[in-house]
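**Student:** Give me the fold of what follows.
(chains A, B and C)
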Amino acid sequence: MKRMIVCVKPVPDPKAWDRLQMDPVSKTLIREGIPSIINPLDKHAVEAALEMKDLFGAEVVLLSMAPCDAYPVLREVLAMGADRAVLLSDKAFAGSDTLATSRILAQGIRNIGEFDLIFCGNFTLDGSTAQVPSQVAEFLDIPNVMHVCDMEIPNTQSLLLTQKIEQGTVKLEAKPPLLLSFTKDANKPRYISFMEILAAEKREIQTWDNANLNIDETLIGLKGSPTQMADLLLQSKQRKGIRLTGNPEEIARQLADKIHQLGII
Amino acid sequence: MKRQHIGVFIEQRGGVLHDVGLELLGKARELIEVSKGTVSAFVLGRDISTHSEDLIARGADTVLLADSSALEPYRLLPYTSVLAQACKTYDPDILLFGATRMGIELAPRLAARLNTGLSAHCMDLRLDTEGKLLQMVPGWGGGVVATIRCPLHRPQMATVMPGVMKKLVPTKRSGECIHLDVREDFQGSGPKVLEVHIEEPEEMPLEKADVVVAGGWGIGNPDGWTILQDLAALLCGAVGATRPPVDEGWVPESRMIGQSGKTVKPRLYMGIGISGMSHHMVGMDESECIVAVNTNPNAAIFEVSDVAVVGDYREILPPLLKEIRTRLPEGRTDTCEPPQ
Amino acid sequence: MDFLLSEREELLRKSVREFAEAEIPPKIEAMEKTGEFPIELLEPMARLGITGIIAPPEYGGVGLGYLARTIALEELGRVCAAIPMAMQVHHMAIAALNDFGTDEQKQKYIPPLAKGDTMGVVAVTEPSGGSDVVGMQATAELKGDKWILNGRKCFITNSHTSDFWIVMAKTAEGAKGLSAFIVEKNHPGAKTGRVEHKIGLRGSNTGELVFDNCEIPKENILGQEGGGLAVALKTVSESGRPGMAATALGIINACLEEAAKFASERVLYGKPISSLQAISFYLADIYTELDICRLLCYRASWMKDQNMRCDNENAMAKSYTCDAAVRCARKAVEIHGSYGILQEYKVQRLLRDAVVTVPAGGTGQIGKVVLARAALAPYRKKK
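**Tutor:** Purely as a prediction, here's the structure:
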């Protein structure tokens, strides 16, 4: 077990989401002024990789596709104990949907070199599609397992994974190379120690653009994204307080409809 | 508008169909009414042809069955291969998946294999004037709704959360079954399943519950709690309370939600007979959906509710329990009982 | 003048904040009930680097400076001030050893403190007085190759959770008669006495140390014989006062957050009470006090890191911040109305904690003696 790669993503801090504004012309969200944090589930992925480092002395490399202002977030994750970081940043990547993003990340991983395991968080707070893990694995032609809530390493050739499903769990046996995405039950991410803060100041963050990755321009950014945004609407989080009317049976029916819509029935 | 071929992945585990597949058949049928065309159900597993009749009755024109012991239980890589082959052969314009644990893992892998677009947990699907799919996707914790299109790549793929679409009532319909040829045994394809472990649902801790039914002073007496407990049990939720019922001894303190009690963030919070004092509200105001029932039309809780019912819980809850029971899938007595 | 904190300092703050918010609240109920320090927090705090923050790396410490320490204590204090109270005295012991210890003493006693194996103690105060340092009664007499200590120390932080203590005692009369010693709890004649039950900072262990013909090895004198006053004054001035100030600063942080949050949610007359000027002006006061105290504390610590004399600055930071914490906590309690005096609400603890910071670690009045001297210095008549 020599090298672990962890995909991490800076996301806008949920505490500041109520300050989000939309550009009415381009229909894109204005992210300036909203501070970034590391996607919370990514910390569980980093922790899993650091456990491999503790056990096997593996190198832990962080990989992120983000604008250059991601440095402070990457520095923070390096201070959890990772060895180095690679930031994929290029204007040409902007507007990528999950397919294009996964293609870029996969190429970044190929450029980093050989690896044993790739770790991701199960989903991100902002997009929440949870699509990138499976897609990166597909492009690298390696198996992947999502919703991992427990990982045991009996030996370097086999992993025992517990996957969370709706009604319970599935136990799987898998071999590296492999991509895993973690739920928050998987582990408790370690706190950032002062010693690691000092050490992380000396750890390398390499920045690569498309000149380093050399991906065909038609396969990245907006051009490389099969899905396109046609419209964007800001929804007020104000609760609407819709008053139900009618006799008790009618009200009961409307309430049951609402409960069904929430996916509970 | 061009005729559409809409494919729906019918998820099943251990022979039990997940409702979301049937819900998506219902939606597909609705979209086909507009565009004309066909709805295909894609089913993978072992001994699954028994479901064909039901799938046709629920809206499928064609049921594509990949029946093989190599496909039971579900494994990501074999399912991706079979579906990719089926898509090449049967060429759906649109392919829908439930945004379940399985769907979230499988749909993206398939989309990458087919080099096509996928949008996640759509809350609505429509067709534009040309018959192309418009996918409504929430983001930023619900603060934003985006309309996504996949203009050039095929199939246009989308995942939809369970419960968003509606199953059709089974009707007499005709359709055909096609058995897909599954030759591979997929032995070396990815991780091996050692065990599938279905868990008994245990007493739901308040903080973890998806549904919280909370009662306040308005319940009036300890007997009133029985119906709250019934409602919570029916919805696989937990019972909570404000301070006054705790002080009266109607419920234990462990059930108290609020400033000096617990904080909950369930998908559904129902406040019954609760006025809405701020010490309670700070314990539940981040719930996804807040439904309040109170006899006082000016109760403060209505200011922060999504749905407000001015009325007596003694009149509203019994018919509500009845309505919910009629909507439960056959054989289930509550929303938490897992498929066998 | 650069008033901004560095990226390193911001990340340090973040790290302590995350730790404090997750790990300390579950311990508070027991701390309030028993007054005992949650000793199980020592290991995770050591792992974070809190126990050894100012200790040199060669003795197992992190080797960061006093500004970093102030920020770390502030963040701990924001969640529960008893914790930084205990930690700041722990750091005082490390500082005293580092400033006055022989190489052997540093090698032996700093690593267990830095690594959080035990807690640090600096014992000056006695029933006869704390402010009146020179008036202490505890004695130390050299008999052969042992010092014999007699006396009692009271109001000692970490008294019952430490394996060794730095103790001041008289070796002769007068200001040049005080000496400092390192006493291990297993040395014959050394023992812990009563435990005190404070109304605030509960969870920081406060108790008595008793020396009854206590024998310690000759080499356990810390610094010069007769140089004890310098040990006491330097340690209190450069580590103790800023440590107390940072603890109180954390309390003021919490006062602002609790009061502003409550005022935004509590509805009276149909609106949140934050819309009432009397309430919002209280919040403006707390906001200003927080910034004043932060500037005082950070500047004094910055000066220490630049190796500048900062006794006056530390005296101001301690006196002002602890008094301000009481004022702000009182305002925060008042903003909560009658809920403010209920035990189940956090804000009453802030007031009790703030009140206890005032006499601890050097009274504000002694601080003012120091400052008055500085104010009058240019006008002192020459003899």
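
**Student:** Would you mind measuring from B:I198 to chain C?
**Tutor:** 33 Å (CB to the nearest CB, to the nearest Å). No exception for glycine: its C-beta is placed from N, CA and C like everyone else's.

**Student:** my read: that residue touches A:G168, true?
**Tutor:** Yes - B:I198 is in contact with A:G168 according to CB atoms under 8 Å; the separation is 4.5 Å.

**Student:** pLDDT value on the spatially most central residue of chain B, please?
**Tutor:** Centroid-nearest residue in chain B, with CA atoms, centre = their mean: B:P162, separated by 2.0 Å. B:P162 is assigned a predicted lDDT (pLDDT) of 81.

**Student:** Equivalent analysis for B:G142, please.
**Tutor:** With respect to pLDDT, B:G142 has a value of 67.

**Student:** Can you classify B:C87 as helix, strand or coil?
**Tutor:** Recorded secondary structure, B:C87: helix (DSSP: H, G, I helix; E, B strand; the rest coil).

**Student:** residues touching it, list them.
**Tutor:** B:G7, B:L95, B:L110, B:L114, B:P155 (CB atoms under 8 Å, 6 or more residues apart in numbering or on different chains).

**Student:** With A:I215 instead?
**Tutor:** A:R103, A:I104, A:Q107.

**Student:** Then B:S68?
**Tutor:** B:R46, B:V182.

**Student:** Listing request: residues of chain C with sub-threshold pLDDT.
**Tutor:** C:383 (pLDDT under 70).

**Student:** try 90
**Tutor:** The model of chain C has pLDDT under 90 over residues C:1-2, C:127-135, C:174-175, C:265-271, C:344, C:361-365, C:367, C:381-383.

**Student:** Just give me the neighbour total for residue 40.
**Tutor:** Unless you meant another one, I'm taking chain A. Using other CB atoms under 10 Å in any protein chain shown, A:P40 has 14 other residues around it.

**Student:** My question was about chain C, not that one.
**Tutor:** By other CB under 10 Å, 9 other residues sit near C:E40.

**Student:** did I read that right, it in a strand?
**Tutor:** No - C:E40: not assigned to a strand; according to three-state DSSP it is helix.

**Student:** how near is the residue of the stretch 101-250 of chain A found nearest chain B to chain C?
**Tutor:** Scanning the stretch 101-250 of chain A for the residue nearest chain B gives A:P226, at 3.1 Å (criterion: CB to the nearest CB). Plainly put, A:P226 is 38 Å away from chain C if you go by CB to the nearest CB.

**Student:** Identify the residues contacting the closest residue in space to that residue that isn't next to it in sequence.
**Tutor:** Setting aside the residues directly before and after it, A:P226 is nearest to B:G117 in space (CB to CB, 6 or more residues apart in numbering or on different chains), at 3.1 Å. When contacts are counted by CB under 8 Å, 6+ apart, B:G117 touches A:D97, A:L99, A:S225, A:P226, A:T227, B:A111, B:I148, B:C150, B:H153, B:Q156, B:M157.

**Student:** per-residue confidence at the fifth one?
**Tutor:** So that's A:T227. 94.

**Student:** Could you do the second one as well?
**Tutor:** In the predicted model, A:L99 carries a pLDDT score of 97.

**Student:** and it, how many neighbours?
**Tutor:** 27.

**Student:** just checking, it touches B:L110?
**Tutor:** No - A:L99 lies out of contact with B:L110 (CB under 8 Å); the separation is 11.6 Å.
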